[in-house]
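>>> Here you go, sequence then predicted model.
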Amino acid sequence: MKDESRNLLYKSATVYKLIMRLLYGRHYGRRCARIAELIPANSTVLDLCCGPAVLYHQHLRHKSVHYTGIDVSSQFVDALIKQGIPAILCDLRSNTALPHADYVVMQASLYHFLPNASHILDRMLDAARKQVIVAEPIRNLATSQIPIISTIAGRLSGPVVEASAQRFTEEGLDRFFRSYSTKVIQSFTIAGGREKVYVLDKSAA
Ligand SMILES: C[S@@+](CC[C@H](N)C(=O)[O-])C[C@H]1O[C@@H](n2cnc3c(N)ncnc32)[C@H](O)[C@@H]1O
């Protein structure tokens, strides 16, 4: 599959990680740690829009989980495969069936699927044997008073494929998950209030 990623920030794992560190500051490490705490050892994990798979490298590797990442950026996917980490190159806007896993995770990426984010969330629920975990930015750093932060955040949220750049507010995200309320078992903010996490239980009504 040809790499369809148009966003320059998704072309290098090193650059991407540096920028995320700049944007999240002292909250950078904890944002993935909090997600990893929800995933028990020996689980299978499917990480959609995995990027450079920081969740795996920094937090899941030592827990003996069976991890697979999926991303549209061939640079990220190739790098993971070279490191011996299972990774699949896929544009998740397509209808390609997702592999099954106990936990299906998406961090900081649901906005890429607007305006029809339920299409990907429904497929995540189909693929999950236990839980779906979504962590999504709710504070728009593109409007930060610090020029370097607003410029980088604006670029980061720009189109990866041809979709238009839209973001969730906390109210918009809560509204979106209201239609999944029978499945949502937890929601809480992480990373100093920059992201909100929703945990959906597969077996709930
Ligand atoms: C903001 S990054 C998040 C990366 C990682 N989940 C994290 O939290 O550090 C968004 C990721 O979504 C990927 N992405 C965007 N649109 C996609 C699509 N249609 N299909 C698959 N991956 C996509 C990008 O390549 C990028 O790696």
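Noted; the coordinates are in hand.

>>> Now stretch 36-49 - C-alpha only, PDB.
Coordinates of the C-alpha atoms in stretch 36-49 are reproduced here as PDB (Å, rounded to 0.1, in the frame of the first residue of the first chain):
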ATOM      1  CA  ALA A  36      -1.300   1.000  30.100                       C
ATOM      2  CA  GLU A  37      -2.700   0.700  33.600                       C
ATOM      3  CA  LEU A  38      -6.000  -0.300  32.100                       C
ATOM      4  CA  ILE A  39      -4.500  -3.300  30.200                       C
ATOM      5  CA  PRO A  40      -3.700  -6.400  32.100                       C
ATOM      6  CA  ALA A  41      -0.600  -8.600  31.400                       C
ATOM      7  CA  ASN A  42      -0.900 -11.300  28.800                       C
ATOM      8  CA  SER A  43      -3.700  -9.400  26.900                       C
ATOM      9  CA  THR A  44      -3.800  -9.000  23.200                       C
ATOM     10  CA  VAL A  45      -3.800  -5.300  22.200                       C
ATOM     11  CA  LEU A  46      -4.600  -3.600  18.900                       C
ATOM     12  CA  ASP A  47      -3.400   0.000  18.800                       C
ATOM     13  CA  LEU A  48      -5.100   2.000  16.100                       C
ATOM     14  CA  CYS A  49      -3.200   5.000  14.700                       C
END
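
>>> Now the element after the lowest-mean-pLDDT helix or strand in the chain, going C-ward?
The element with the least model confidence among the helices and strands of the chain, by mean pLDDT, DSSP states H and E, is helix 147-156, at a mean of 67. Downstream of helix 147-156, the first helix or strand assigned by DSSP states H and E is helix 170-178.

>>> Could you check that next one and say which residues are buried?
Residues of helix 170-178 classed as buried: Gly172, Leu173, Phe176, Phe177 (neighbour count, 16 or more other Cβ atoms under 10 Å). C-betas here are computed from N, CA, C, even on glycine.
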